[in-house]
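In: Any chance you can model this:
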Amino acid sequence: MEPAIPVPPPLEQRPSAPSHPLVSDGSAAPSRAGWLDALRGIAALLVAFDHSSYAFMAELRGQLMPEVNIGRYGVMVFFLVSGYVIPASLERRGCVRTFWVGRFFRIYPLWAAVVGSVIALGVLGIADPHARFAGRSPATVAFAHVTLLQELLGTPSVVLVLWTLSYEMAFYLLVVALFTVRLHRRPATVAVVLGVLAAVSVTAGVVPPASALSTAVGAGPLVALASTVVVIAICCASSGSSALRVFGGLAGGVLALVLVPFNGTVPLWEGLVILAVMFLGTAVHRAERGESTWPDAARTAVVVLICAVGSAYGHGDGAHFARRGWITAFLLAMLTFGAALALRRLRFPRRLTGLGTISYSVYLVHPVLLAVSDSTIGRWRRDNLVLEAAFFAVLLPLSLVTHRWIEAPGRALGRKAVRRIRRP
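Out: I've put the predicted structure just below:
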């Protein structure tokens, strides 16, 4: 959401950098990151359209989804943008503690408002968040969600779109781990290894069931253990002791590497591809800064692309997975990111970059609005373009309000907290 344009300088030089692909600090000058804002805006619209099509464009959705998974298209764009900017945010700060403090104040205010709204709608009988508890106790669900790792802890997200934040959190942990052991400048290698592992897992037929670890040891014990590890990892990695920083970083990284492949709700190969895509975004950023070469970044992209497409093809079609739709979505995401990168020196339309500014709100708020519409006007079997347009006509102003009154104040508090930490 940092509006922007001309030749973008290193992200580390910006006043602030986003953590989730939808969560930016909104403080960079308008001429620095317009292409990233444009990508966020496009991706937010794609995801919101994908979910709203269930209610208002069922016929079109039935025809479109087997050909291109619109939701995955948008999500993969977000993951590429996230990989491009998150490590830069950490390196710019040069401090793990301020990195985590910044993430907390950027992500949790709106997250808490949205989750609280869903719970309130449940009390009013408009929504039923308990339906997504999957038989888990409220305490287990609460602890899992507070870590943001709920989707990797055998606890389905109370708000469906929160699943991406679980993979984002795993990426944060891995980035911090690499930073603490000084391997953060080799994202291309990490991306290639993860992509190859994804392809190998499909070739070898390694297909653990969803939430395999939760099933084996129990959701409650796993949530308790993971929550403890996350707290210890963040506290130690944020400490003044180099030994504790390394320990904390590695603890968090190991947790992420265990949960993503063996306890995710997406297949093992797709979890690895998601991480590979984010590290590919980092590799592109390294090339742009001159820390690696463009041919290296291009080779990394080719390997990740081949491994991702090959894994999806090998996975085959299923009741909940359309092979062609996923592959097309992935290819479109790669092409969209590449095109925006190539055009980054151009000035993007202000409306599009402005949409990028509120994209985190669009992403989190639209499921709440859909819950309300489901309980009032219901879902339509035939396409209704008027209702689809009306949905966005309500969503965008509402997202602007939540950005202004929830996201922006949270960001301001985060900046104050970071300044206090930096103060000698």
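In: okay, how far is it across stretch 235-244, tip to tip?
Out: Its first and final residues considered, stretch 235-244 spans 9 Å by C-alpha to C-alpha, to the nearest Å.
In: residues of that stretch that come out buried?
Out: Neighbour-count burial for stretch 235-244, counted by 16 or more other C-beta atoms under 10 Å, picks out 236-238, 244. For every residue, glycine as well, the C-beta is placed using N, CA and C.
In: And for stretch 52-64?
Out: 52-53, 55-58, 61, 64.
In: ok, so of the residues you listed, who is nearest Val229?
Out: Distance to Val229, by C-beta to C-beta, is smallest for Ser52 among those, at 37.3 Å.
In: so that closest one touches Leu370, yeah?
Out: Yes. The pair Ser52 / Leu370 is scored as a contact, 6.3 Å apart, by C-beta atoms under 8 Å.
In: intersection of neighbour lists for the two?
Out: Both Ser52 and Leu370 are contacted by Phe391, under the criterion C-beta atoms under 8 Å, 6 or more residues apart in numbering.
In: quick one: contacts for the closest residue to Leu153 other than its chain neighbours?
Out: Across the structure, with C-beta to C-beta, 6 or more residues apart in numbering as the measure, the residue nearest Leu153 apart from its sequence neighbours is Ala144 (4.5 Å). Counting by C-beta under 8 Å, 6+ apart, Ala144 touches 136, 150, 153-155, 219, 223, 226-227.
In: what's the burial count for Phe262?
Out: Residues lying near Phe262 (other C-beta atoms under 10 Å) number 17.
In: Check whether it sits in a helix, strand or coil.
Out: Put simply, Phe262 is helix when judged by DSSP: H, G, I helix; E, B strand; the rest coil.
In: if I pick it, what's in contact with it?
Out: So Phe262 contacts 208, 212-213, 268 (C-beta under 8 Å, 6+ apart).
In: next one: Glu151
Out: Contact partners of Glu151, counting by C-beta under 8 Å, 6+ apart, are 157, 162-163, 166-167, 264-265.
In: Most widely separated two among these?
Out: Maximum distance among the contacts of Glu151 (C-beta to C-beta): 13.7 Å, for Leu162 and Gly264.
In: More neighbours: those two, which one.
Out: Using other C-beta under 10 Å as the criterion, Leu162 and Gly264 rank with Gly264 on top: 26 against 21.
In: residues touching that one, list them.
Out: Gly264 touches 151-152, 167, 210-211, 270-271, counting by C-beta under 8 Å, 6+ apart.
In: among those residues, who's most crowded?
Out: Neighbour counts for the contacts of Gly264 peak at Leu152, which has 31 neighbours (criterion: other C-beta under 10 Å).
In: Just to check, that residue is in contact with Asn263?
Out: Yes. Using C-beta under 8 Å, Leu152 is in contact with Asn263, at 5.4 Å.
In: Check whether Leu331 really touches Ala308, as I assumed.
Out: No. Counting by C-beta under 8 Å, Leu331 does not reach Ala308; the two are 9.1 Å apart.
In: Looking at those two, which is more packed in?
Out: Ala308 (28 against 16).
In: Could you check the pLDDT of the residue lying closest to that one once chain neighbours are set aside?
Out: Leaving aside its chain neighbours, Ala308 sits nearest to Val273 (4.6 Å; criterion: C-beta to C-beta, 6+ apart). At Val273, the model reports a pLDDT of 98.
In: Now do the helix or strand containing Val273: which elements does it pack against?
Out: Assessed by DSSP states H and E, Val273 sits inside helix 268-289. When contacts are defined as 3 or more C-beta pairs under 8 Å, 6 or more residues apart in numbering; DSSP states H and E, helix 268-289 packs onto helix 70-93, helix 163-180, helix 187-203, helix 242-263, helix 294-315.
In: Could you list the buried residues of the third one?
Out: When you say that, I think you mean helix 187-203. By neighbour count with 16+ other C-beta under 10 Å, helix 187-203 contains the buried residues 187-188, 190-199, 201-202.
In: need the next SSE after that helix, C-terminal direction.
Out: Past helix 187-203, the next helix or strand by DSSP H and E is helix 212-217.
In: quick one on the thing from earlier: highest neighbour count among the contacts of Phe262?
Out: Leu268 leads these on contacts (other C-beta under 10 Å) with 24 neighbours.
In: for the closest residue in space to it that isn't next to it in sequence, what are its contacts?
Out: Spatially, and ignoring its direct neighbours in sequence, Leu268 is nearest to Pro261 (4.8 Å; C-beta to C-beta, 6+ apart). Pro261 makes contacts with 201, 208, 268, 271-272, as judged by C-beta under 8 Å, 6+ apart.
In: Quick check: the farthest pair among the residues you listed?
Out: Using C-beta to C-beta, the contacts of Pro261 span at most 12.2 Å, a distance reached by Pro208 and Leu272.
In: re the thing from before, quick one: the buried residues of stretch 52-64 as a markdown table, columns for secondary structure too.
Out: Below are the buried residues of stretch 52-64 laid out as a markdown table (three-state DSSP):
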| residue | secondary structure |
| --- | --- |
| Ser52 | helix |
| Ser53 | helix |
| Ala55 | helix |
| Phe56 | helix |
| Met57 | coil |
| Ala58 | helix |
| Arg61 | helix |
| Leu64 | helix |
